[in-house]
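**Q** kindly return the folded structure for what I paste below:
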Amino acid sequence: MEIFITGDTHGDFRRFRPDIFYEQECMTKEDLVLVCGDFGGIWHGDPRDDAGLDWLEDRPYTTAFVLGNHENYDAYKGYPKEEWHGGQIQRIRPSVLHLMRGQVYELNGKKFFTMGGASSHDIQDGILEPDDPNFEEKFQQLEQLGALFRVNHRSWWAEELPDKAEYLEAKANLERVHWNVDYIISHCCPSTIQDVFSGGMFKKDTLTDFFDEVRQRCTFRYWFFGHYHGNMVIEEKYAMLYEQIIRLK
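**A** Residues are numbered from 1 along each chain as shown. Predicted structure coming up:
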């Protein structure tokens, strides 16, 4: 099994074209490409998503992803859960898989802990409610100002951060493997790592603080994450990915 990892795709899968990601020529459905959140392939929750998802399904490999903050969480509620390599997934297409929060998967004899989600950084000017009687007026005003805002259940979902049950499941699964995994796949990263590369620009939250606990308690080889739209390695073990695709050796 070959495993490749990349960062946010936001529904734009051009980096996986055969002339760009040429390694796929020798890949099969047993091989994986992992996306570290903000997958964006299910945004509308209707047939408008089909072209992109079907194109991914036609790739010779399997695509698997954790969720980020720019995702339509309402649309995922309609997909059933099933077990896959020791953890829970949602199968979007036969070979397009959502790796759910707090799971530990056994892949190629290695353990992968997955925990999607992150806080949105583009909501400083508020979140509009679509059923607000003054919604259109407020929307137009914010648009004209170039404000950073989102619309609840249209472009922002509270589920971007895990709930209590998901944190409990994550801890239970890590306890089961004695807090010892090979790789961690997430969208954001621990608060302390975030501070290292941003100088405190990004605010910590319940998830980044939870990741600090994981960082302190868990034994792992590498931690891969997206979210921050850059490619860099921090303190040797933490790899931020965006458009780069790397092979896991």
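
**Q** so how far is Gly109 from the residue lying closest to Gln244 once chain neighbours are set aside?
**A** Nearest residue to Gln244 in three dimensions, chain neighbours excluded: Asn231, at 4.5 Å (C-beta to C-beta, 6 or more residues apart in numbering). The C-beta positions use only the backbone N, C-alpha and C, and glycine is treated the same way. Remark: distance between Asn231 and Gly109 (C-beta to C-beta, to the nearest Å) = 27 Å.

**Q** which one's more surrounded, the two?
**A** Legend: neighbour count by other C-beta atoms under 10 Å for Asn231 and Gly109, higher for Asn231 (15 against 7).

**Q** just checking, the more buried one touches Met240?
**A** Yes - counting by C-beta atoms under 8 Å, Asn231 does reach Met240; the two are 6.4 Å apart.

**Q** per-residue pLDDT, the residue nearest to the spatial centre of the chain?
**A** Nearest to the geometric centre of the chain sits Gly37, at 1.7 Å (C-alpha atoms, centre = their mean). For Gly37, the pLDDT comes out at 96.

**Q** how many other residues sit next to the residue lying closest to it once chain neighbours are set aside?
**A** The shortest distance from Gly37 to any non-neighbouring residue, by C-beta to C-beta, 6+ apart, is to His187 (2.8 Å). Other residues lying near His187 total 30 when counted by other C-beta under 10 Å.

**Q** distance of the residue nearest to Gln244 from Tyr242?
**A** Plainly put, Asn231 is 5 Å away from Tyr242 if you go by C-beta to C-beta.

**Q** try Gly109
**A** Applying C-beta to C-beta to Gly109 and Tyr242 gives a distance of 29 Å.

**Q** same check on Ile92?
**A** 22 Å.

**Q** the two - which one has more neighbours?
**A** Using other C-beta under 10 Å as the criterion, Ile92 and Tyr242 rank with Ile92 on top: 22 against 18.

**Q** so where does that one fall, helix or strand?
**A** strand 87-93 (DSSP states H and E).

**Q** off-centre distance for that strand?
**A** 14 Å (C-alpha atoms, centre = their mean, to the nearest Å).

**Q** list the buried residues for it?
**A** Buried residues in strand 87-93, counted by 16 or more other C-beta atoms under 10 Å: Gly87, Gln88, Ile89, Gln90, Ile92.

**Q** give me the mean pLDDT for the helix or strand following that strand.
**A** Next along the chain after strand 87-93, taking DSSP H and E as the criterion, comes strand 96-99. The pLDDT scores in strand 96-99 average 98.

**Q** what do you get for stretch 196-203?
**A** pLDDT averaged over stretch 196-203 gives 87.
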